[in-house]
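Engineer: Prediction below, plus the sequence it came from.
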Amino acid sequence: MNGSVLVVGGGVAGIQAALDLAEQGIEVFLVEKAPSIGGKMAYLDKTFPTLDCASCILAPKMAAVLRYPNIKLLMNSEVEDVTGRAGNFVVRVLKRPTYVDWTKCNGCGICTQKCPVKNVPDDYNLGLSNRRAIYIMFPQAVPKKAVIDARYCMRLNPPEKAKKEGKTLCGVCERHCPTKAIEYEQKSEVIELKVAAIIVATGMELYNAKNIPEYGYGVYQNLYTNLEFERLVSATGPSGGEILRRSDGKHPKKIAWIQCVGSRDVRFNHYCSAYCCMAATKQAILAKEHLPEVQCTVYYMDIRAFGKGFNEFLERAKREFGVRYIRGKVVRIEELADTKNLRVVYEDTAESYLRVEEYDMVVLSVAITPNSRLPLPVELTSDGFVKLKDPYLDPVSTTVEGIFVVGAVAGAKDIPDSVTEASAAAARAALIAKRSMAREVRVLANGGVLNG
Amino acid sequence: MVASSILFANPKIAEEIIKMGGKSLLECYQCGSCTAVCPITESIDVSFRRAIRYTQIGLNEKILGDITPWTCNLHGDCTDSCPRGASPSEVLAAIRRYQSGFFDPFGVSRWWNKTKLFEKLILYFVVFVISLSFYYFYYWNSLTGYISTEFFAVKDLSYPIAFSALFASLILFLSAKRAYRAFGGGKEYKVGFLSSIIKLTKFFIEVEKDALKVPEKRDRIIEHVFILLGLGFYTLILLFYLFSPSYFFIYPYGMILKFLGYFAAISLLYGFSSPLMKRLFARQKTHWYYKKFTHSTDWMSLIAFFPVALLYLAILILNDISYYYFSYILYIVVLSLIVPILLLEVPFGKHNHWLYKVLAYYIAARKGFFKEG
Ligand SMILES: Cc1cc2nc3c(=O)[nH]c(=O)nc-3n(C[C@H](O)[C@H](O)[C@H](O)COP(=O)(O)OP(=O)(O)OC[C@H]3O[C@@H](n4cnc5c(N)ncnc54)[C@H](O)[C@@H]3O)c2cc1C
Ligand code: SF4
Ligand code: SF4
Ligand code: SF4
C-alpha cells in the first residue's frame, strides 16, 4: 500500500504530525534518531507562557503514539537516502543496533542498575550526571526500552588488552535481564519504505557556545546553557530539581541570564532564535519559585515577547517575581579564582555607562541551529533552515513536492507554533497519501493499467 | 526653562555622517558592546553607543558638544566585537569629522569632509601650482646665482611657508576656541589642572601600553609616534631657517641640523608610507583600521604628506653628494607642496583633529570624567 507517510524526527512536532495522520487511518513511519521520542521538549521542566509542566503535556501525546497500531516507530534510526517523487517515494532507513531485543525488553531497568560501567555522561542531563553503559534514555521514555551504548560497554568495546587476548568481558546485563532481551550480536539494518509523502521534523540543536570564547563556556564551572539550566530545575534532573552550583554544590544567590548568545550576531548566526527571551523569563520565574531569595537578572538587547500571552508573562515576571531586566549586551565573562563567581561586563544602556557585576551563576540563552543536514532533496536557506516553498501561503511545504517541513528545522520557533505547523503539514500530507491510494485502487480496478 | 530641554531630531544628520565615512551608522542596534569592550571606558565614563545613538536620530545639540567621539583611540576592539558587523570606531571618526566641520568658523572643513578625493586633489594641485609659480616669479632670478656655490638660500624661501603657517594657526586658534566652548570648557571643572594632567599622562601610558602588546595595533602606534616626531623636528628646522641670523644659509650648518633633518625625513617617510602601503595593499593580516578607514580625508592627508617626506629625504641626499642645483629645485617643490598642506589640510582637513582631541581629553579630565583608581 503506498498511501503511507514518513515522519522524520520524533520531537513534539513530529509526534503531533504522526498522531494527526494516524487518526485518519493513514499508515505512518516515524523515524527517530534517539532511543526515545520527545525531542527537546522532553528536556524541559515547565513551558512558557503558562508554566505548565512540560512532561504533563508531552507524556500523554508520547504514549498515544504507542496506542496507534498504524504508527510504525523506527527508533535509533536515520534516513539514508530518498528517491522517487510525491506519491511514490522510496526511502532507505538505517536502523542502528540497540543490542537489546525490544520485543522482549519490558523496561524494568534492572540492567541499568547492574551494569558496572557507571561513569558514562548522561546525554539526557547534558553531562551534568552519569549513567551506565546500558540505559533507558529517561524515566518517561517512549518506548521505554533499554539501549547499550556500545562506546562504553565492556563487552562490545573491551579495553585493548582484553581485545588482544580475545577475552569476552562482563555480560552482566545479559545475566540479569529477566526476559533475556540482551542481544550483543545485533547489527545495523537497512529498511526500505515506500511512502507517498514525507514530513521533516528533525528540530534543532543548541549552538555550540564554546565558539564564543569571550564567555568561557566549558571553562567556567558556574556557567550553564539554558538547556542545562532546564535540566537543573527539573525534578528528573541531576540534582532532583535543586538549583546547585557546579563548583561547590551551594544554592546561588544571584543568577544572570545572557540573551542572544550566538543569535542576532553577524559573527555567529544572523537570525533571532525566537524561543530564548521567553525561555529566560520562564527560567527566572522557576528559579524564583525554587529559591525565593535569589536575585534574577536578564541581560537583553530587545525582549521579543510576540506570542499570545507572552507579554503578560513578561510583565508578571517583572512585577510578581521581581526579575530584573537590564538592557545591554554582555561582552565578557570573567571567573573569580577564589569563589568561582562570575563577573559580567556590559554597558547599561539606560545609564550609558560601563558596568561590571558579580553573579554566582550565569545562564547563557544559546541560539539554536537546525538539524537540516539530511539526505533529503530539500533546499536550505543561507542560514541553514529548510527553505519554504512560500513563506506566506504555503508555509509547511518545502521546494520539493510531497515533502513537508515543520517545527524548529523550518525556522526557530516555540512549541505552540511547531504543533500548529505539524497539524497543517499532516493535513497536506494526508491529501497526497489519500490521492495516491485512490489512484492505486483505480489502477488495480483497471487491471493494472495506469490512466485507464 | 522649558524651551532649552526640547531637543530637535534631524534625520539628515545621519545621512551626513554616512557621507563623512560612517558607513555602518545605521547598522547599529544599540547593544553597547562597543562601550563595554573598549579599554578606554575602563578609565573614562563615556558611552560610544550613546554617541552613535545621538547621530542616528540626529540630536545636533547633543552631537556637537560631545567629547565622547574624541576619546576613541582607534584600538578597534569594538569593530571586532560588534554583533552587527558595524565599525563603531569608523562611525566615531565620522562624527569627529562632522563636529570639526562646525568648529571651523568658515565652514570650509564641513565642505572638505564631504568632498570626494579627486576634488580635494584638484584644489590641492591648484594651490600647489600657484605657490610654485610664486616661488618662480619672486625668487628664482635672485637666487639662481648662488646655486653653484655652497650657499643655500632658505630664509627667504621660508616666508610663504611662514605666512601659510600663520594662516593655519589663526584658523586653528579660532576653531579651537569654538571647540572649547562646544565641549563646555571652563565650566563645571571638578579636578585641578595639575592633577588632571597627571591623570591624562598616566591614562595614555596605561592604555597604549596594552595596545603595544598586539602586533597590528603596535604598528599603528609606532607610525603615529614617528609622524609626530618627524613633524616636530621638521617644524624645528623650518623655524631655525626662518630665524637664522644669516641671510643665506650654508649647508651643512652643523651636524646636529643635518642629523635632525635625516631623522625627520626618515620618520615622516616611514610614518606616511607605511599606512599608505597597507591601505593600498590591504591584506588579511593588516589591522582592520587600514582596511576600513578609507575616507577621503584619510587618503588626502597621506597623499599630501608622502611626497614631502620622500622629496625631503632626496634633498638631503642630493645635497650630501653635491648636486646642489637639483636639491635646490626640489627644495622649492617641497615648499610649494607644504603651502597647500598648511592652507588646506592642517586647518580644514584631518590634522586639526589632534588639537580637538587634546582639548576634549583635557576637558574630560577637568570635569572629572575619569574614574577613580
Ligand atoms: C532551553 C529551552 C527551553 C525552551 N522552553 C520552551 C518553552 O518553555 N515553551 C515553548 O513553547 N518552547 C520552548 N522551547 C522551544 C522548544 O523546545 C522547541 O520549539 C520545540 O522543541 C521544537 O520541536 P521540534 O519537534 O520541531 O524539534 P525537537 O524538539 O528538536 O525534535 C526533533 C527530533 O528529531 C530528532 N532528529 C534530529 N535529527 C534527526 C535525524 N537526522 N533523523 C531522525 N530524527 C532526528 C531528534 O532526536 C528529536 O527527537 C525551549 C527550547 C530550549 C532549548
Ligand atoms: S555487557 Fe556489561 S558493560 Fe556492557 S552494558 Fe551489559 S552490563 Fe554494561
Ligand atoms: S528570542 Fe530574544 S534572546 Fe533569543 S535570539 Fe531573539 S532576541 Fe535574542
Ligand atoms: S557594538 Fe555595534 S551594534 Fe553594538 S552599540 Fe556598538 S556599534 Fe552599535
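Structural biologist: Yes, it's here. Ligands and ions are numbered 1, 2, ... in the order given.
Engineer: what about the closest residue to residue A:239 other than its chain neighbours, neighbour count?
Structural biologist: Nearest residue to residue A:239, sequence neighbours excluded (CB to CB, 6 or more residues apart in numbering or on different chains): residue A:232, at 6.7 Å. To be clear about C-beta, it is placed using only N, CA and C from the backbone, and glycine gets the same treatment. Using other CB atoms under 10 Å in any protein chain shown, residue A:232 is surrounded by 27 other residues.
Engineer: Just to check, residue A:232 is in contact with residue A:240?
Structural biologist: No: with contact defined as CB atoms under 8 Å, residue A:232 does not count as touching residue A:240 (10.2 Å).
Engineer: Could you report the distance from the residue nearest to residue A:239 to ligand 2?
Structural biologist: Remark: distance between residue A:232 and ligand 2 (CB to the nearest ligand atom, to the nearest Å) = 27 Å.
Engineer: near chain A, which residues of chain B?
Structural biologist: For chain B, the residues in contact with chain A (CB under 8 Å from any CB of the partner chain) are B:29-33, B:35-37, B:41-42, B:45, B:47, B:49-50, B:81, B:83-85.
Engineer: what about burial for the residues you listed, which qualify?
Structural biologist: B:30-33, B:35-37, B:41-42, B:47, B:49-50, B:81, B:83-84 (16 or more other CB atoms under 10 Å in any protein chain shown).
Engineer: And these, which two are furthest apart?
Structural biologist: The distance between the two most remote of these (CB to CB) is 22.8 Å, for B:42 and B:84.
Engineer: what sits against residue 105?
Structural biologist: Looking at chain A here, since you left the chain open. Contact partners of residue A:105, counting by CB atoms under 8 Å, 6 or more residues apart in numbering or on different chains, are A:145-146, A:177, A:179, A:181.
Engineer: not quite, I wanted chain B
Structural biologist: Residue B:105 neighbours (CB under 8 Å, 6+ apart): B:171, B:174-175, B:178.
Engineer: TSV please, covering those residues and showing pLDDT, distance to residue B:117 and secondary structure.
Structural biologist: Formatted as TSV, those follow (pLDDT from 0 to 100; distance: CB to CB, whole Å; DSSP: H, G, I helix; E, B strand; the rest coil):
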residue	pLDDT	distance to residue B:117	secondary structure
B:171	95	22	helix
B:174	95	27	helix
B:175	95	23	helix
B:178	95	27	helix
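Engineer: ok, which pair from these is furthest apart?
Structural biologist: B:171 and B:178 (10.8 Å).
Engineer: Looking at the two, which is more packed in?
Structural biologist: residue B:171 (21 against 16).
Engineer: Against ligand 3, how distant is the residue nearest to the more buried one when sequence neighbours are not counted?
Structural biologist: Nearest residue to residue B:171 in three dimensions, chain neighbours excluded: residue B:347, at 3.7 Å (CB to CB, 6+ apart). Per CB to the nearest ligand atom, residue B:347 is found 47 Å from ligand 3.
Engineer: I'd guess residue B:347 is in a strand, am I close?
Structural biologist: No: if the criterion is DSSP: H, G, I helix; E, B strand; the rest coil, then residue B:347 is helix and not within a strand.
Engineer: what's the domain layout of chain A?
Structural biologist: Annotated domains of chain A cover A:5-96+A:188-203+A:371-445, A:110-176, A:207-368 [automatic domain parsing].
Engineer: who touches whichever residue of the stretch 351-452 of chain A sits closest to ligand 4 in this structure?
Structural biologist: Taking CB to the nearest ligand atom, ligand 4 has its nearest neighbour within the stretch 351-452 of chain A at residue A:352, 10.9 Å off. Applying CB under 8 Å, 6+ apart, we find residue A:352 in contact with B:35, B:47, B:49-50.
Engineer: Just the residues you listed: which are in helices?
Structural biologist: Members of those lying in helices (criterion: DSSP state H): B:35, B:49-50.
Engineer: which one among those gets closest to ligand 3?
Structural biologist: residue B:49 (17.5 Å).
Engineer: isn't that closest one right up against residue A:348?
Structural biologist: No: using CB under 8 Å, residue B:49 makes no contact with residue A:348, being 10.4 Å away.
Engineer: intersection of neighbour lists for the two?
Structural biologist: residue B:32.
Engineer: Residue A:218 - how many residues pack around it?
Structural biologist: Residue A:218, neighbours per other CB under 10 Å, totals 11.
Engineer: Does the residue nearest to it when sequence neighbours are not counted belong to a helix, a strand or coil?
Structural biologist: Sequence neighbours aside, residue A:210 is the residue nearest to residue A:218 in space, at 4.8 Å (criterion: CB to CB, 6+ apart). Under three-state DSSP, the three-state class of residue A:210 is helix.
Engineer: give me the low-pLDDT residue ranges for the stretch 1-150 of chain A?
Structural biologist: A:1 (pLDDT under 70).
Engineer: Helices of that one, start to end?
Structural biologist: A:12-23, A:54-67, A:110-114 (DSSP state H, counting those that start in this stretch).
Engineer: quick one: the longest one near ligand 1?
Structural biologist: No: counting by CB under 6 Å from any ligand atom, no contacts exist between helix A:54-67 and ligand 1, the nearest distance being 7.0 Å.
Engineer: and that helix, what other elements does it pack with?
Structural biologist: helix A:12-23, strand A:46-47, strand A:71-74 (3 or more CB pairs under 8 Å, 6 or more residues apart in numbering or on different chains; DSSP states H and E).
Engineer: any idea which of these is most buried?
Structural biologist: helix A:12-23 (a mean of 27; mean count of other CB atoms under 10 Å in any protein chain shown).
Engineer: Can you tell me what sits against it?
Structural biologist: So helix A:12-23 is contacted by A:5, A:7-8, A:10, A:28, A:30, A:32, A:37-41, A:58, A:61-62, A:64-65, A:68, A:70-71, A:199, A:201, A:203, A:406-408, A:415, A:418-419, A:421-423, A:425-427, A:429-430, A:433 (CB under 8 Å, 6+ apart).
Engineer: Kindly give a single ChimeraX line that selects the buried subset of the residues you listed.
Structural biologist: Selection of buried members from the contacts of helix A:12-23 for ChimeraX, criterion 16+ other CB under 10 Å:
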select /A:5,7,8,10,28,30,32,37,38,39,40,41,58,61,62,64,65,68,71,199,201,203,406,407,408,415,418,419,421,422,423,425,426,429,430,433
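Engineer: Just the ones of the contacts of helix A:12-23 in strands?
Structural biologist: Secondary structure from DSSP state E places A:5, A:7-8, A:28, A:30, A:71, A:199 of those in strands.
Engineer: from the stretch 51-200 of chain A, which residue is nearest to ligand 1?
Structural biologist: residue A:78 (4.4 Å).
Engineer: if we can go back for a sec, among the buried ones among the residues of chain B next to chain A, which are within reach of ligand 4?
Structural biologist: Among these, the residues within reach of ligand 4 (CB under 6 Å from any ligand atom) are B:30-33, B:49, B:83-84.
Engineer: State the number of residues packed around residue B:256.
Structural biologist: 9.
Engineer: Same question for the host helix or strand of it: list its buried residues.
Structural biologist: Assigned by DSSP states H and E, residue B:256 falls within helix B:255-280. By 16+ other CB under 10 Å, the buried positions in helix B:255-280 come out as B:257-258, B:260-262, B:264-276, B:278-279.
Engineer: Equivalent analysis for stretch B:342-354, please.
Structural biologist: By 16+ other CB under 10 Å, the buried positions in stretch B:342-354 come out as B:342-353.
Engineer: now stretch A:122-137
Structural biologist: Residues A:122, A:124-126, A:128, A:131-137 are the ones in stretch A:122-137 that count as buried (16+ other CB under 10 Å).
Engineer: Give me the residues contacting that stretch.
Structural biologist: Under CB under 8 Å, 6+ apart, the answer for stretch A:122-137 is A:34-36, A:43, A:99-100, A:107, A:109, A:111-113, A:115, A:117-121, A:138, A:144-149, A:152-154, A:173, A:225, A:227-228, A:231-232, A:237-238, A:246.
Engineer: again, only this time at 7 Å
Structural biologist: Residues outside stretch A:122-137 that contact it (CB atoms under 7 Å, 6 or more residues apart in numbering or on different chains): A:34-36, A:107, A:109, A:111-112, A:115, A:117-121, A:138, A:144-149, A:152-153, A:173, A:227-228, A:231, A:237-238.
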